[in-house]
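In: what shape does this take:
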Amino acid sequence: MRIGLPSSDTQRGGSFRALVLTVLLSVFMFQLLRTVGLRAFSMASETYTSGTHSAAFVTCPNDTVAKELARGIVEKKLAACVNIVPAITSVYEWQGKIEEDSEVLLMIKTRSSKVPALAEYVRSKHPYEVAEVISLPIDQGNPPYLKWIGDIVPE
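Out: Residues are numbered from 1 along each chain as shown. The predicted structure is shown next:
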């Protein structure tokens with residue numbers, strides 16, 4: 001019986017097993033590591049300055065007006081995308097009375113620099129006396145999506 005350090009044969013056998021285990025794990029984990037690495041690189045390589053783009057909101061009296069406005073906004077390159085959210089209820093004060101109406105909401109993704117032109121377009125086409133056009137700067141988001149907005153909507 002030997003007491004003390006393992007023999008060189010035992011050490012070589014342990015090193016070989018560790019090498020085989022490392023190779024097997026690398027082969028099985030390659031796809032996962034590749035996917036995670038590509039996503040991390042994609043997100044890190046895209047840069048976005050907070051507030052470059054905005055999400056604007058416009059309420060419309062019905063689907064017809066909403067679709068006409070949305071199509072015109074995108075065709076005129078005032079926005080990259082307009083989502084039409086049906087069946088919202090708005091409660092507001094108008095001319096001294098509390099009103100409640102069914103409306104349709106437009107969620108508009110655009111460059112912040114285009115918001116004044118967007119508001120002018122909506123005012124010129126909207127049936128309301130006072131059309132709602134409000135916007136919020138986009139602080140963060142999916143970098144490829146934010147890049148897409150910038151690619152679609154010119155400066």
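In: tell me which element Ala131 is part of?
Out: Counting by DSSP states H and E, there is no helix or strand that carries Ala131.
In: quick one: it from Tyr48, how far?
Out: According to CB to CB, to the nearest Å, Ala131 and Tyr48 sit 29 Å apart. All C-beta atoms are positioned from the backbone trio N, CA, C, and that covers glycine.
In: would you map the strands across the protein?
Out: Per DSSP state E, the chain carries strands over the ranges 53-60, 81-94, 97-111, 134-137.
In: ok, for Ser113, nearest residue in space, not its chain neighbours?
Out: Glu155 (6.5 Å; CB to CB, 6 or more residues apart in numbering).
In: surely the one you found touches Ala117?
Out: No - Glu155 lies out of contact with Ala117 (CB atoms under 8 Å); the separation is 11.7 Å.
In: who's more crowded, these two?
Out: Using other CB atoms under 10 Å, the more surrounded residue of Glu155 and Ala117 is Ala117, with 15 against 6.
In: not counting its neighbours along the chain, what's nearest the more buried one?
Out: Nearest non-adjacent residue to Ala117, counting by CB to CB, 6+ apart: Leu78, 5.9 Å away.
In: neighbours of that neighbour, how many?
Out: With other CB under 10 Å as criterion, Leu78 counts 22.
In: which ones are touching it?
Out: 108, 110, 114, 117-118, 121, 153 (CB atoms under 8 Å, 6 or more residues apart in numbering).
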